[in-house]
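Enquirer: give the three-dimensional model of this entry:
(one chain, ligands or ions: 1)
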Amino acid sequence: MIGTKFNRLTVLSTGIRIGRRHYADCKCDCGSVKRIEITKIKSGHTKSCGCLLRQLMTQKQTVHGRYYEPEYVAWRNMHKRCTDARWVKWYGGIEVCQRWFDYDCFLADVGKKPEPAYTLDRINSAQGYAPANVRWASRTVQSRNTKNHETNSSGVRGVSWSKAKNKWRAAIYVDSKQKHIGYFELLTDAGLARIHAENKYWGAT
Ligand SMILES: [Zn+2]
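Expert: Take a look at the predicted model:
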């Protein structure tokens, strides 16, 4: 067993017994030497001197930290729009390219948001999320696009473009009366709010 490597641990010496337990002194890839129970080395329960766990924790924290990056939020929402049943309603058929299932690839292609208010914009709204079709756009650019492409109808039930507010307006009919839901910068947000309202006022369908 001496000289054998298990994960990050290389066995230096065996034959150490404490009570009923057998231990081996192992040299970890990181350079430190540690006495570890043999069954735990063999089973893979212990894979390193402890440095592996520390490294994993650091990575986890890094990922956790990235959770709050605006680009990460945009990346997650992009996937949500294409997979979540409630969003697929109006994003039906729009897909995220395979490469962008990896957040790092996505970030490498689109780069950082120029400013916090920028959102992901598909240049050709009929095409999916892929490098050539996506850019960060300011609200002004998106509003202008929206105005050019669709005058004031969104194609989403209960959602229309408000020229006065420069935003999407969601509304719903309750007891033959139109009820205002709210104004939204993004069509998807207006649509989602409308669905919440449908569930609330009409009951989930
Ligand atoms: Zn180590």
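
Enquirer: Arg35 against Lys27, yeah?
Expert: No: Arg35 lies out of contact with Lys27 (C-beta atoms under 8 Å); the separation is 11.2 Å. The C-beta positions use only the backbone N, C-alpha and C, and glycine is treated the same way.

Enquirer: neighbour-wise, which of these two wins?
Expert: Lys27 (16 against 12; other C-beta atoms under 10 Å).

Enquirer: which element is the more buried one on?
Expert: strand 21-28 (DSSP states H and E).

Enquirer: right, and the helix or strand after that strand?
Expert: According to DSSP H and E, the helix or strand after strand 21-28 is strand 33-37.

Enquirer: in that next one, which residues are buried?
Expert: 34, 36-37 (16 or more other C-beta atoms under 10 Å).

Enquirer: residues making contact with that strand?
Expert: Outside strand 33-37, the residues that touch it by C-beta atoms under 8 Å, 6 or more residues apart in numbering are 9, 12, 16, 21-28, 46, 49-50.

Enquirer: that one pairs with which strands, and in what direction?
Expert: Paired neighbours of strand 33-37 in the sheet (DSSP bridges): strand 21-28 (antiparallel).

Enquirer: wasn't Asn124 part of a helix?
Expert: No: counting by DSSP: H, G, I helix; E, B strand; the rest coil, Asn124 falls outside a helix, being coil.

Enquirer: so where do the helices sit in this structure?
Expert: Residue ranges of the helices in the chain, as given by DSSP state H, are 38-43, 51-66, 70-83, 85-91, 103-110, 139-149, 187-197.

Enquirer: so in the protein, where's the weakest helix or strand by average pLDDT?
Expert: Least confident helix or strand of the chain, by mean pLDDT, DSSP states H and E, is helix 139-149 with a mean of 50.

Enquirer: what's the longest strand along the chain packed up against?
Expert: Looking across the chain with DSSP state E, the single longest strand is strand 9-18. The contact analysis (3 or more C-beta pairs under 8 Å, 6 or more residues apart in numbering; DSSP states H and E) places strand 9-18 against strand 21-28, strand 33-37, helix 38-43.
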